[in-house]
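Trainee: no FASTA, just this:
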């Protein structure tokens, strides 16, 4: 098992939810200064490193570098033909939606079905962000209950203007659990091969 | 001769198939059936049947061993002539093949050679004669060639002379052409020449006048010289008239005069020297600024002294008080005006000065700034500003360019994703290896089936085509059958009609007999007529002969015939002459040429008129 592992994390959700903004923030890429909206065409892949705590108990407290590929997918349905390629081999999924858009809530279920359940990912490999992209601190928080199938998926109210750190921390947590899940899975596979 | 023939014949006999031998003739097939070598000697009738069968030859090894194998095969007989030569059969072939030796001379006689030689000698003589005649021809040609060369030289000289003339004429023609094309220029030149002539005349007159004046002046000079001469003579005369003291006085004065003249020359030289020195000093003065200042001050001083003198004069000229006041007021006014103008001048000058000072201060500031660090910062800022402006200017175009590139890349991403997902989907739906193998087997099986079914389909098509063609044939047959049926029906009808006639054969016979009788009667009548006509004909021909004899005997008839012949001849001549006249008349028809000439002359007239009108203009 190499220390420099590579995780593929998808960033999906309805159109104009602020996925690209979050992706830029997490990857440390400079924001678009002019601020005019340029919809993502099909896909952007942002690569960056994260240092996370090791999963091995004997090396507790140590950190290791993880290469992350953040796949910032367009929410536009006209690029739906490419989704099956995007979700292939994904290790984690971040679903972003705008809580002000009431229709978006219903769409989350679809997104979850399409990108999480079909890939056989667990709930801890997924994260839902009710993202407030307007920048107003007084924006209402998302308090409604999600459908039953999504009840175990962690949900956070985030905003890059008021509490950017939360997004970063929760993303780190997700990376942690995802990497753990992935490496455990790989270990199990190796063990099963050895067992045979 | 016989020897020669022998040599020729031996190979021929070898090639000859041994057809002379009755026994071997049957066995001489291409099958190469072996025939016994003694076939000729042995009577073949002993075993005629075994000779026919080639297979039986193998059953008789004894006979096969006795013969030399190759001799049996007629095709290769040339290989062993000796064997064949030994055979007594040869003489049979000699007589026949002798005629075939056409290649060698048949008759070898002395007369033949003599004849041959004679022919050759005759040919040689002919050749010699030909050559001598040719030589004569050459000599004659040579003579004529010399003559011709001479005439050629003459002619070439003439030609050269004529060419020279032609060149002259061509030059003349060219000049004429060029002159006609620039007639106007010629006119101008003529006018200019006239003007020049006129002016020349005027000048000549002036020159004449000047010449006469000069003559007059010269005359005057001569007169004056004469007068001078007279005066000198007078003077000398007068001197001669003077008394002694006066004469001495004159001599003194003359000497003094000469001395003074020399003195003047000396003084003049001194003056020149001094003037040169003055010039030098003045130059020096000019170069020296302090001395110049001094000079100007001196000038001012002189002017002031002049003013002082004037003022003193004025004060000395005692005027009345009011007059004085007036004068003074005038002066004051004048000075005031002067002062005002000077003040305005001063103000303008001051303004200019201030401006210049400001400029200087600005420049100094700039200088100071450029020296300091601020200047560097300023420069950096200017550079940045420049960069910024450039960036701003290029921003739009660069942005659009980048956006375009971006869009392209995005499109690529999209297409790549779509294709990738297609493949991913396909990967999921891929069957297992066993399935693939099974499917492949199925495919091969199905392909076999397909090929077989295609073959059957083709076969069926072929059959269908055949059936169709048959059908067509059948359809055609229907038509044919119908046609035949109709034909046959018509025939049946005809036959039925005829059958009626055939039923009554007796009547037919009767009618035939009647007809026969009638024809016979007619025949008899006609033969009688024939005889009669023959008799008449004999009589008439006798008459005709007599008349012809008479005519031949008649002289005038012969004359008439001759005259008729000549008449025909004349008429023919007449016709020829008429044709000739017509042709000549056509040849001599000058009307077209006349028309052309008239046309040309009229054209030329028009052109000449135009030219004249141009000349007049």
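Mentor: Structure received. In this text the structure is predicted, and so the values were computed from the model without any measurement.

Trainee: how about the residues of chain A by chain B?
Mentor: Counting by C-beta under 8 Å from any C-beta of the partner chain, chain A comes close to chain B at A:41, A:42, A:43, A:79, A:81, A:82, A:83, A:84, A:85, A:86, A:88. Where C-beta positions appear, they are placed from N, C-alpha and C, glycine not excepted.

Trainee: packing partners of the helix or strand residue B:271 falls within?
Mentor: According to DSSP states H and E, residue B:271 maps onto helix B:244-287. Where contact means 3 or more C-beta pairs under 8 Å, 6 or more residues apart in numbering or on different chains; DSSP states H and E, helix B:244-287 is packed against helix B:289-316.

Trainee: count of residues packed around the residue of chain A found nearest chain B?
Mentor: Closest residue of chain A to chain B, C-beta to the nearest C-beta: residue A:82 (2.9 Å). Counted with other C-beta atoms under 10 Å in any protein chain shown, residues neighbouring residue A:82 total 24.

Trainee: now it: closest residue in space, sequence neighbours ignored.
Mentor: Ranked by C-beta to C-beta, 6 or more residues apart in numbering or on different chains and with sequence neighbours excluded, the top spatial neighbour of residue A:82 is residue B:417, at 2.9 Å.

Trainee: quick one, what contacts the one you found?
Mentor: A:42, A:43, A:79, A:81, A:82, A:85, A:86 (C-beta atoms under 8 Å, 6 or more residues apart in numbering or on different chains).

Trainee: from memory the third one sits against residue A:15, does it?
Mentor: Okay, so that is residue A:79. No. Using C-beta atoms under 8 Å, residue A:79 is not in contact with residue A:15; the gap is 10.6 Å.

Trainee: and those two? Which one has more around it.
Mentor: Comparing residue A:79 with residue A:15 by other C-beta under 10 Å, the one with more neighbours is residue A:79, at 20 against 16.

Trainee: which of the three states applies to the more buried one?
Mentor: With DSSP: H, G, I helix; E, B strand; the rest coil as the basis, residue A:79 sits in helix.

Trainee: what's the per-residue pLDDT of it here?
Mentor: Looking at residue A:79, its pLDDT reads 82.

Trainee: if I look at it, how far off is residue A:85?
Mentor: Applying C-beta to C-beta, to the nearest Å, the value for residue A:79 to residue A:85 is 11 Å.

Trainee: what does residue B:494 give?
Mentor: Using C-beta to C-beta, residue B:494 is found at 96 Å from residue A:85.

Trainee: neighbour-wise, which of those two wins?
Mentor: With neighbours defined as other C-beta under 10 Å, residue B:494 and residue A:85 compare such that residue A:85 has more, 19 against 10.

Trainee: which residues does that one contact?
Mentor: Listed by C-beta under 8 Å, 6+ apart, the contact set of residue A:85 reads B:417, B:418, B:420, B:421, B:423, B:424.

Trainee: doesn't it belong to a helix?
Mentor: Yes. Under three-state DSSP, residue A:85 falls within a helix.

Trainee: average pLDDT across the helix or strand hosting residue B:582?
Mentor: Using DSSP H and E, residue B:582 sits in helix B:555-587. In this model, helix B:555-587 carries a mean pLDDT of 92.

Trainee: distance from that helix to the middle of the chain?
Mentor: Taking C-alpha atoms, centre = their mean, to the nearest Å, one finds helix B:555-587 lying 62 Å from the centre of the chain it belongs to.

Trainee: phi and psi next, for whatever residue of chain B ends up closest to chain A.
Mentor: Scanning chain B for the residue nearest chain A gives residue B:417, at 2.9 Å (criterion: C-beta to the nearest C-beta). In terms of degrees, to the nearest 10, the main-chain angles of residue B:417 are phi -60, psi -40.

Trainee: next one: residue A:76
Mentor: Torsion angles at residue A:76 (phi, psi; degrees, to the nearest 10) stand at phi -70, psi 130.

Trainee: residue contacts, it?
Mentor: For residue A:76, the contacting residues are A:15, A:39, by C-beta under 8 Å, 6+ apart.

Trainee: for residue B:336, see how far away it is.
Mentor: Separation of residue A:76 from residue B:336 (C-beta to C-beta): 95 Å.

Trainee: low-confidence ranges, chain A, go.
Mentor: Per-residue confidence for chain A (pLDDT under 70) gives these ranges: A:1-5, A:30-36, A:53-62, A:134-141, A:143, A:145, A:196.

Trainee: nope, the stretch 351-500 of chain B is what I was after
Mentor: Counting by pLDDT under 70, the stretch 351-500 of chain B contains low-confidence ranges at B:369-371, B:373-375, B:428, B:430-431.

Trainee: ranges for the helices of it?
Mentor: Applying DSSP state H, counting those that start in this stretch to the stretch 351-500 of chain B gives helices spanning B:373-428, B:433-503.

Trainee: buried sites along the helix holding residue B:582?
Mentor: When neighbours are counted by 16 or more other C-beta atoms under 10 Å in any protein chain shown, no buried residue of helix B:555-587 is found.
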